[in-house]
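Trainee: Quick check, what structure comes out for this input:
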Amino acid sequence: MNIVILAAGQGRRMHSDLPKVLHTLAGKPLLSHVLETARALKGSGRICVVYGHGGETVRNALSSDDIAWVRQEPQLGTGHAVLQALPHLDPAAQTLVLYGDVPLIRPDSLTRLITEAADGSLALLTAFLDDPHGYGRIVRSSGRIQRIVEEKDASEVERALHEINTGILTAPTACLARWLPALGKHNAQGEYYLTDIVALAVSEGLPVHSAHPGRNWEVAGVNSQVQLAALERIHQGQVAEQLMEQGVHLADPARLDVRGELHCGRDVFIDVNCVFVGQVDIGADVVIGANCVIKDCSIGEGVRIHAFSHLEDASVGPNCRIGPYARLRPGTVLAEDVHIGNFVEVKNSSIAEHSKANHLSYVGDSTVGRRVNIGAGTITCNYDGVNKHRTVIEDDAFIGSDTQLVAPVTVGRGATLGAGTTLTSNAPPDTLTVSRAKQVSIAGWKRPVKKK
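Mentor: Below you'll find the model as predicted:
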């Protein structure tokens with residue numbers, strides 16, 4: 001089966017310099033959603049994308065070996081667009097036509113459509129709308145489809161019809177090769193309408209069948225930011241429903257955003273306004289507080305992530321405690337029962353079991369052992385302005401508050417660093433190391449006063 005995706009539209013009502021099909025829904029371009037659906041169809045072959053506005057920006061954003069790219073220049077309508085794709089299609093196969101700005105169409109709806117055309121006929125995906133304004137109408141006679149009329153060309157009687165054309169169809173490619181060059185543009189838009197092939201099929205006696213989407217929002221297109229936002233909430237609602245059916249407890253399904261894949265174990269609770277990006281795997285009995293952002297992370301069982309925490313490309317072991325207001329940056333690996341508290345940032349570091357940094361600290365490019373306590377205000381000074389250097393803190397070390405560890409440096413096993421220490425050389429094991437200026441009290445000193 002050939003698949004043609006029409007993606008040449010400008011999207012004037014988006015009021016954006018970004019090509020319409022590259023605007024994102026659930027973190028992915030609209031066209032990417034359609035491509036994924038096309039690839040999921042049984043029997044799908046070469047995919048041909050017809051692009052125009054945005055030019056190479058569209059092609060470069062989603063280039064793939066299984067896509068044939070065809071530029072439509074100028075844009076003279078949907079019939080003209082499919083005509084450009086004909087040289088890339090297998091003439092012996094059916095051709096399915098999809099749209100790059102209709103992102104929520106589901107494979108099962110398309111499978112029903114393809115089944116209707118299994119006898120080599122033309123099949124249309126149609127829908128019944130209470131308010132069909134703006135759509136082309138399906139005109140039937142004795143129950144059989146005769147033609148499609150665009151709203152701008154429709155009579156009052158035809159505008160009263162509620163069965164609409166979604167634009168999605170499948171047809172024998174050999175017939176398309178015969179019909180498309182014969183299309184005219186005697187219509188209100190002055191374009192070559194793909195929909196005019198219906199009347200040509202009827203005139204040849206070729207059956208025209210129809211199928212319907214599972215839900216009407218599947219065939220909703222995006223022409224404005226308002227429509228894009230509406231489809232975003234529909235999509236997120238579907239994701240939330242699937243998660244809840246799997247046992248996930250969502251504080252408010254309407255305040256969840258999944259921009260990738262989210263997999264959850266049993267008894268997971270997710271509070272409001274959380275955003276999940278990329279691949280996120282969450283173990284059983286995890287609680288995630290409000291307003292967290294989690295991207296490309298693995299979260300172990302029993303973890304508690306408190307509100308306003310930001311995790312990216314991190315691995316969090318079982319029973320850890322994170323936040324509130326914590327940040328785990330790429331390369332962070334936490335073992336079991338690690339505590340990362342409020343306003344603590346960890347980057348490219350591994351922290352072993354039962355260690356904790358509970359307040360106002362930065363741990364970067366570090367290897368931290370077991371049962372280490374990192375006091376408030378501790379900083380690993382890992383960057384010399386050119387290169388990054390590593391800090392090693394061995395098991396059972398105690399790092400006093402307001403300490404700076406100037407890498408490369410090692411804190412030995414069981415060592416203690418006194419508060420306020422600036423460590424520039426290795427601290428020996430089982431020893432107290434202190435580096436601070438001598439305290440001085442100056443008698444008679446007076447604070448300056450503001451001049452009048």
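Trainee: C-alpha only now, for contacts and for neighbours.
Mentor: OK.
Trainee: hang on, isn't Val49 packed against Trp69?
Mentor: Yes: if you go by CA atoms under 8 Å, Val49 and Trp69 touch, sitting 5.1 Å apart.
Trainee: domain ranges for this structure?
Mentor: 2-219, 238-433 (automatic domain parsing).
Trainee: end-to-end on the first one?
Mentor: Taking CA to CA, to the nearest Å, the span from the opening residue of domain 2-219 to its closing residue is 20 Å.
Trainee: ok, now the shortest one?
Mentor: Distance across domain 238-433, first residue to last, is 57 Å (CA to CA).
Trainee: rewinding a little: from the domains of the chain, which stretch is densest packed?
Mentor: The highest average neighbour count among these, using mean count of other CA atoms under 10 Å, belongs to domain 238-433 at a mean of 21.
Trainee: so how far is that domain off the chain centroid?
Mentor: Distance, stretch centre to chain centre, for domain 238-433: 24 Å (CA atoms, centre = their mean, to the nearest Å).
Trainee: Show the average pLDDT along it.
Mentor: Averaging pLDDT along domain 238-433 yields 98.
Trainee: do stretch 13-29 as well
Mentor: Stretch 13-29 comes out at a mean pLDDT of 95.
Trainee: now stretch 67-79
Mentor: 93.
Trainee: rewinding a little: compare the domains of the chain and report which one is nearest to Lys452.
Mentor: With CA to CA, the closest approach to Lys452 among these belongs to domain 238-433: 37.9 Å.
Trainee: I figured Pro253 was touching Gln238, is that so?
Mentor: No: assessed by CA under 8 Å, Pro253 is found out of contact with Gln238, at 9.5 Å.
Trainee: residues contacting the nearest residue to Ser435 once chain neighbours are set aside?
Mentor: Sequence neighbours aside, Thr421 is the residue nearest to Ser435 in space, at 4.5 Å (criterion: CA to CA, 6 or more residues apart in numbering). Thr421 makes contact with Gly400, Asp402, Thr403, Gln404, Thr433, Val434, Ser435, Arg436, according to CA atoms under 8 Å, 6 or more residues apart in numbering.
Trainee: again, but for Ala419
Mentor: Contacts here follow CA under 8 Å, 6+ apart; on that basis Ala419 touches Ile399, Gly400, Ser401, Asp402, Thr403, Val434.
Trainee: leaving aside the residues next to it on the chain, what's closest to the second one?
Mentor: Spelled out, it's Gly400. Ala419 (4.2 Å).
Trainee: quick one: which helix or strand includes the one you found?
Mentor: Secondary structure from DSSP states H and E places Ala419 outside every helix and strand.
Trainee: Over to Leu110?
Mentor: helix 107-116.
Trainee: which helices and strands does that helix pack with?
Mentor: Applying 3 or more CA pairs under 8 Å, 6 or more residues apart in numbering; DSSP states H and E, one finds that helix 107-116 makes contact with helix 30-40, strand 122-128, strand 163-172, strand 208-211.
Trainee: rewinding a little: I'd like the distance from the residue nearest to Gly400 to Ala397, if you could.
Mentor: Here Ala419 is placed at a distance of 13 Å from Ala397 (CA to CA).
Trainee: could you say which helix or strand contains Thr57?
Mentor: helix 56-61.
Trainee: Partner strands of the helix or strand just after that helix and their direction?
Mentor: Using DSSP H and E, the helix or strand that follows helix 56-61 towards the C-terminus is strand 67-71. Using DSSP bridges, strand 67-71 pairs in its sheet with strand 47-51 (parallel).
Trainee: returning to what we had before: among the helices and strands packed on helix 107-116, single out whichever gets nearest to Tyr383.
Mentor: Among the helices and strands packed on helix 107-116, helix 30-40 comes nearest to Tyr383, with 39.1 Å by CA to CA.
Trainee: which helices and strands sit right next to that closest one?
Mentor: Short answer (3+ CA pairs under 8 Å, 6+ apart): helix 30-40 packs on strand 2-7, helix 107-116.
Trainee: what's the angle from that helix to strand 2-7?
Mentor: If you take axes from the mean of the first three to the mean of the last three CA atoms, to 10 degrees, helix 30-40 sits at 170 degrees to strand 2-7.
Trainee: Pick out the most distant pair among the contacts of Thr421.
Mentor: Spatial extent of the contacts of Thr421 (CA to CA) is set by the pair Asp402 and Thr433 at 13.8 Å.
Trainee: and the helix ranked longest in the chain with helix 30-40, angle?
Mentor: Using DSSP state H to define each element, the chain has its longest helix at helix 225-245. Relative orientation of helix 225-245 and helix 30-40, computed by the same axes, to 10 degrees: 50 degrees.
Trainee: Show me how far helix 225-245 is from its chain's centre.
Mentor: 12 Å.
Trainee: Which of the contacts of Thr421 lies at the shortest distance from Glu191?
Mentor: Using CA to CA, Gln404 is the member of those that sits closest to Glu191, with 69.8 Å.
Trainee: Return the distance of the one residue sitting closest to the centre of the chain relative to Cys292.
Mentor: By CA atoms, centre = their mean, the chain has its centre lying nearest to Gly27, at 2.5 Å. Distance check for Gly27 against Cys292: by CA to CA, it reads 16 Å.
Trainee: Please apply the same query to Pro19.
Mentor: For Pro19 relative to Cys292 (CA to CA), the value is 30 Å.
Trainee: Equivalent analysis for Leu405, please.
Mentor: 30 Å.
Trainee: One more: Trp217?
Mentor: Remark: distance between Trp217 and Cys292 (CA to CA) = 29 Å.
Trainee: In three-state terms, label Ile148 for me.
Mentor: What DSSP: H, G, I helix; E, B strand; the rest coil gives for Ile148 is strand.
Trainee: Show the pLDDT at it.
Mentor: For Ile148, pLDDT reads 92.
Trainee: Just to check, it is in contact with Val198?
Mentor: Yes: taking CA under 8 Å as the definition, Ile148 is a contact partner of Val198 at 6.8 Å.
Trainee: what ranges do the strands span in the stretch 151-300 of the chain?
Mentor: 163-172, 208-211, 249-250, 256-264, 269-270, 274-282, 287-288, 293-295, 298-299 (DSSP state E, counting those that start in this stretch).
Trainee: So which of those is nearest Pro91?
Mentor: Across the strands of the stretch 151-300 of the chain, closest to Pro91 is strand 163-172 (CA to CA), at 7.8 Å.
Trainee: What is the closest one packed up against?
Mentor: Using 3+ CA pairs under 8 Å, 6+ apart: strand 163-172 touches strand 94-99, helix 107-116, strand 122-128, strand 137-141.
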